[in-house]
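1. fold the following.
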Amino acid sequence: ITTAPNTEDLVLNSNYGSLYASHPLDATSPLMTIPVNGDGTLDPLGIANTAVASNSATYLALSPGSDFLYVLGANTALITPYPVDAAGSVGAPGATASTGVVPTDMLVDVTGRAAYAANLIDNTISQFNLNQSTGAITAQANPTIATPLNPRGAVQHVSGRFLYATLAGSPGVGGDFIGQ
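-> Model prediction:
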C-alpha cells in the first residue's frame with residue numbers, strides 16, 4: 001500500500017484490525033486509517049482518509065483499549081482526541097490541549113489515564129490527564145517536567161512509574177520518576 005509522502009507515524013489498534021498513519025504535509029487528509037486483514041495484510045480497498053482538527057497530524061497514540069486516538073500536530077503544538085469505534089473508524093474530534101514548543105513525540109501511559117509530549121525547544125515534557133470515558137485531554141496540575149536538553153522521544157516503563165526520554169544532542173537517555 002502506498003501512503004501519502006512523508007508518512008511520519010504509525011499506530012496499530014489493540015485488536016489489530018486498523019493501522020493509523022499520519023501525513024503531516026497533507027493539508028487535506030493528514031490521517032489515514034488502513035484496515036488490517038486477519039492474515040495481517042493491509043486492505044487497500046478499505047482505506048479511509050480523515051481531515052483532522054487544524055489539518056495537522058504528526059504523531060499518534062492510542063488509548064490502551066484503542067477507544068481513543070490522540071493526534072499531535074507538531075506545527076500547531078496541539079493534541080486532539082478522536083473516538084474510535086469497534087470497527088476502527090475515527091469519529092469527530094474532541095477539545096484540544098496545548099503542548100510545549102516544537103513537540104517531537106507523544107505517548108499515552110499504560111493505564112490510559114495520562115499522556116505525555118516531548119517538547120524539543122523548551123526542554124520539557126508536557127503532562128496531561130485523560131478521561132477514560134470521554135477521551136478528553138487536560139493539562140495536569142504540574143503541566144510540565146523539565147528535561148536537561150531537547151527531548152525527542154519518550155517511552156514509559158510497564159509499571160507506569162517511570163518515563164524515559166531521548167535527548168537530542170546528548171549521549172544517552174534520561175529517566176524520571178513520575179509517581180504511581
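
2. for the longest strand belonging to the chain, packing partners?
-> The longest strand of the chain (DSSP state E) is strand 137-146. Packing contacts for strand 137-146, counted by 3 or more Cβ pairs under 8 Å, 6 or more residues apart in numbering; DSSP states H and E, involve strand 97-98, strand 114-119, strand 124-130. (Each C-beta comes from the backbone N, C-alpha and C, glycine too.)

3. now these in JSON lines, with mean pLDDT, mean neighbour count and distance to Asn75?
-> Below are the helices and strands packed on strand 137-146 laid out as JSON lines (pLDDT from 0 to 100; neighbours: other Cβ atoms under 10 Å; distance: least, Cβ to Cβ, whole Å):
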{"stretch": "strand 97-98", "mean pLDDT": "95", "mean neighbour count": "18", "distance to Asn75": "13"}
{"stretch": "strand 114-119", "mean pLDDT": "94", "mean neighbour count": "26", "distance to Asn75": "13"}
{"stretch": "strand 124-130", "mean pLDDT": "95", "mean neighbour count": "22", "distance to Asn75": "16"}
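
4. show me the shaky parts of the protein.
-> 4, 53-55, 169-180 (pLDDT under 70).

5. what about the residue located most distally from the centre of it, which SS state?
-> Most distant from the centre of the chain: Asp39, at 26.2 Å, with distances by Cα atoms, centre = their mean. Taking DSSP: H, G, I helix; E, B strand; the rest coil as the rule, one finds Asp39 in the coil state.

6. what about it, distance to Tyr16?
-> Separation of Asp39 from Tyr16 (Cβ to Cβ, to the nearest Å): 11 Å.
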